[in-house]
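Student: Provided below for reference: sequence and predicted model.
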Amino acid sequence: MKMCENSESPRSFGAARHGQSRGARARISARICCACIRARINGRARINARARISVRMSARALILAITLFLGVVLSGCAKGAEAPSETSLLLGFSQIGSESAWRIGNTRDIEEQAADFGVSLMLENANQKQENQIAAIRRFIAYKVDVIAFSPIVEEGWDNVLLEAKSAGIPVILVDRDISTQIEGLTTCLIGADFYKEGVMAGEYLIRKADSLSLEHVNIVEITGTENSTPMRQRQAGFMDAIAGDERMTVLESIDGDFIKSRGAECMRALLATYGDQIDVVYSHNDEMTLGALPEIEKAGFAPGKDMIIISIDGGQEAIDVLKEGRINCVVECTPKLGKKLMETALKLKEGEKVDTLIHPEEQVFSDEQDPSQIAPRGY
Ligand code: AHR
């Protein structure tokens, strides 16, 4: 199943059942065009409120009918006359975008887990825009999905749309990132990494590295993730707290790289122009920005991993390969594999069961302190 890359590209709306192979599941996936759905929604704006509700319900019923029909016909072709079981859960998920290998791996994991759990997934890609996420959540409410999940690009600005979800009686799960609100009970739980701990692990690695090199002064530049996002705030806070008691450490500058490779390169160019060889350490909030920064460091005549200590976060395969080359010193893991917990939690919510309010996956540190050839393939 492919996710919708922009507002006019196809959006997936698939159903799958337990026990089927991926191939069989792919055969019964129904694909609905975003533009058609949007045209339908735009059309609705011109009719009166009562008609609007009934059109929405018809649209949803139509989609479910097509999904089930294709499921019956195609799985019948593939596996004899076996009838499919009814889809148990309709989950609307608003993804931030496709800014990093991490994000793409996270989307793929959620799609695969939805298929494995027999969950029908309405997946929307917001292309890095909060307003697109808010619009997607409103569409999920209009379609009366059973559960809404989303990864909020930034922490503030969700109260209104989440109050709408609450009034509609639809439980909301936060995936990956948190929100900031004064209103109680807008969301049921958060499934995502402990970003503060990741920042602490990065800072603790730096202290060990400075000890091992007997450094007396350590000048740090920080390339941060998207401003006002949870990982940006917490990775910064954890790192700063970890190095706060160490008088050798000076942060020369923190600069916003938005979790994007090209911005990582731009930020690094600006930092090199200002500080040049004063820079001892680059602490970058994700692999994508690190991978953008490395060629800039090399173009400026420095050897990353030797002349400058490079610390990254995520642990995607490309960064691990660069760690193996010795051009990155440390990568703190942030796993994108949140899909299984998401499906388990959504199914519990549908059944009205209690769920854990905070679920953090276990994460580790990969660094030049270990033999990097032993690191297993990362899968993202
Ligand atoms: O929220 C998780 C962060 O978002 C990942 O570190 C980053 O790569 C992604 O874009």
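Tutor: Alright, I've got the coordinates. Numbers count the residues shown, from 1 in each chain.
Student: let me see the contact set for the residue nearest to residue 363 when sequence neighbours are not counted.
Tutor: Ranked by C-beta to C-beta, 6 or more residues apart in numbering and with sequence neighbours excluded, the top spatial neighbour of residue 363 is residue 333, at 4.3 Å. Every C-beta, even on glycine, is put in place using the N, C-alpha and C of the backbone. Shown in contact with residue 333 (C-beta atoms under 8 Å, 6 or more residues apart in numbering): 198, 314, 315, 363, 364, 365, 366.
Student: hmm, which of those are the buried ones?
Tutor: When neighbours are counted using 16 or more other C-beta atoms under 10 Å, the contacts of residue 333 contain these buried positions: 198, 314, 315, 363, 365, 366.
Student: these also near the ligand: which ones?
Tutor: The subset of those lying close to the ligand, counting by C-beta under 6 Å from any ligand atom, consists of residue 314.
Student: report the lowest-confidence entry in the buried ones among the contacts of residue 333.
Tutor: The lowest pLDDT within the buried ones among the contacts of residue 333 belongs to residue 363, which sits at 95.
Student: so it touches residue 193, yeah?
Tutor: Yes - look at residue 363 against residue 193 with C-beta atoms under 8 Å: they come within range, at 6.3 Å.
Student: what's the overlap in contacts for those two?
Tutor: 334, 335.
Student: which strand or helix spans the closest residue to the ligand within the stretch 101-250 of the chain?
Tutor: Closest approach between the stretch 101-250 of the chain and the ligand, counting by C-beta to the nearest ligand atom: residue 102, at 3.5 Å. Assigned by DSSP states H and E, residue 102 belongs to helix 101-117.
Student: in PDB, list the C-alpha atoms belonging to that helix.
Tutor: What follows is helix 101-117, C-alpha atoms only, in PDB (Å, rounded to 0.1, in the frame of the first residue of the first chain):
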ATOM      1  CA  ALA A 101      14.300   7.800   6.200                       C
ATOM      2  CA  TRP A 102      13.000   7.500   9.800                       C
ATOM      3  CA  ARG A 103       9.600   8.900   8.800                       C
ATOM      4  CA  ILE A 104       9.400   6.800   5.600                       C
ATOM      5  CA  GLY A 105      10.200   3.700   7.800                       C
ATOM      6  CA  ASN A 106       7.600   4.700  10.300                       C
ATOM      7  CA  THR A 107       4.900   5.000   7.600                       C
ATOM      8  CA  ARG A 108       5.900   1.600   6.100                       C
ATOM      9  CA  ASP A 109       5.800   0.000   9.600                       C
ATOM     10  CA  ILE A 110       2.300   1.400  10.300                       C
ATOM     11  CA  GLU A 111       1.000   0.200   6.900                       C
ATOM     12  CA  GLU A 112       2.500  -3.300   7.400                       C
ATOM     13  CA  GLN A 113       1.200  -3.600  11.000                       C
ATOM     14  CA  ALA A 114      -2.300  -2.500   9.900                       C
ATOM     15  CA  ALA A 115      -2.300  -5.200   7.300                       C
ATOM     16  CA  ASP A 116      -1.100  -7.800   9.800                       C
ATOM     17  CA  PHE A 117      -3.700  -6.800  12.400                       C
END
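Student: tell me which residues of it come out buried.
Tutor: Within helix 101-117, the residues scored as buried using 16+ other C-beta under 10 Å are 101-117.
Student: avg pLDDT for the strand or helix carrying residue 160?
Tutor: Residue 160 belongs to helix 159-167 when assigned by DSSP H and E. In this model, helix 159-167 has an average pLDDT of 98.
Student: many thanks, have a good one.
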